[in-house]
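Chemist: Let's see this in three dimensions:
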Amino acid sequence: MLQAIELTKKYGDQPALDNLNLTVNPGEVFCLLGQNGAGKTTTINLFLGFIAATSGEARINGTPVVAGDNRTKKHLAYIPEVVTLYPDLTSLENLDFFSRIAGFDYKKEQLEIYLSRAGLQEDAFYKRVGNHSKGMRQKVGIAIAIAKNASAILMDEPTSGLDPKATHDFTETVKKLAEDNKSVFMATHDIFNAVNMATHIGIMRKGRLVHVLDARDISSDDVQRLYLETI
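Modeler: Below is the predicted model:
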């Protein structure tokens, strides 16, 4: 579903991303680790078509991503570190609004199902999101991705600032997305949760993908040691 082929982004002579090759298949969760400036967000922005590659190619479901071309966006949902919602609208109203933008017209009962699948508690469905915690806003963002029927979900530091309970809930929701055959690509600093939720873990350094690990065969201590050795 997501593929990078010798994907490179330079600013002047300085590479922000250097010859990246990776694939994220349906049902996989790929967590990308690295220091700030390692190239994680640049990778996400290239898949989203927010910026143009210097060379190489990003593909979504086999279609090359071209900056300004919306053909690949129908397959994607994006959950940033801080989910931007309309604070004066309720959770359900936000979900309804963004679903309609994506071309879907759901009944109230179906919207409630999507919010529930995203892990949002029922008593928050009809409350304004301006009063929501960050974890609750993340769940509304996930509900939007589910309602959009996105095949691939890109996330940038989604657990940053979440308390342990919210982080646990988020991790379980991501696992369910993978069980539903979604492709999840996530930039994160959270090594423990990367091991807990990912099928694969990448470690980046100065724009290069240095390691790709099978998360089922490695412990968080081993990942942390390799991470510290790499950076």
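Chemist: could you measure residue 222 against residue 230, distance?
Modeler: Look at residue 222 and residue 230: by CB to CB, to the nearest Å, they are 12 Å apart. Every C-beta, even on glycine, is put in place using the N, C-alpha and C of the backbone.
Chemist: okay, these two: which has more neighbours?
Modeler: Neighbour count, other CB atoms under 10 Å: between residue 222 and residue 230, residue 230 has more, with 16 against 13.
Chemist: any idea how far the more buried one is from residue 40?
Modeler: Look at residue 230 and residue 40: by CB to CB, they are 14 Å apart.
Chemist: now residue 229
Modeler: From residue 229 to residue 40 the distance is 18 Å (CB to CB).
Chemist: Neighbour count for those two, which is higher?
Modeler: Per other CB under 10 Å, whichever of residue 229 and residue 40 has more neighbours is residue 40, with 25 against 10.
Chemist: and the gap between the residue lying closest to residue 158 once chain neighbours are set aside and residue 64?
Modeler: Distance criterion CB to CB, 6 or more residues apart in numbering; nearest residue to residue 158, sequence neighbours excluded, is residue 79 at 5.5 Å. Counting by CB to CB, the separation of residue 79 from residue 64 is 23 Å.
Chemist: out of those two, which sits in the busier spot?
Modeler: More neighbours surround residue 79 than the other of residue 79 and residue 64, with 22 against 15 (other CB under 10 Å).
Chemist: Now do the phi/psi pair for that one.
Modeler: With angles defined as degrees, to the nearest 10, residue 79 sits at phi -120, psi 100.
Chemist: ok, residues contacting the longest helix seen in the chain?
Modeler: Of all segments of type helix in the chain, defined using DSSP state H, the longest is helix 164-179. Residues from elsewhere that reach helix 164-179, judged by CB atoms under 8 Å, 6 or more residues apart in numbering: 27-29, 117-119, 133-135, 138-139, 142, 145-146, 153, 158-159, 162, 184, 186, 190, 193, 196-197, 199.
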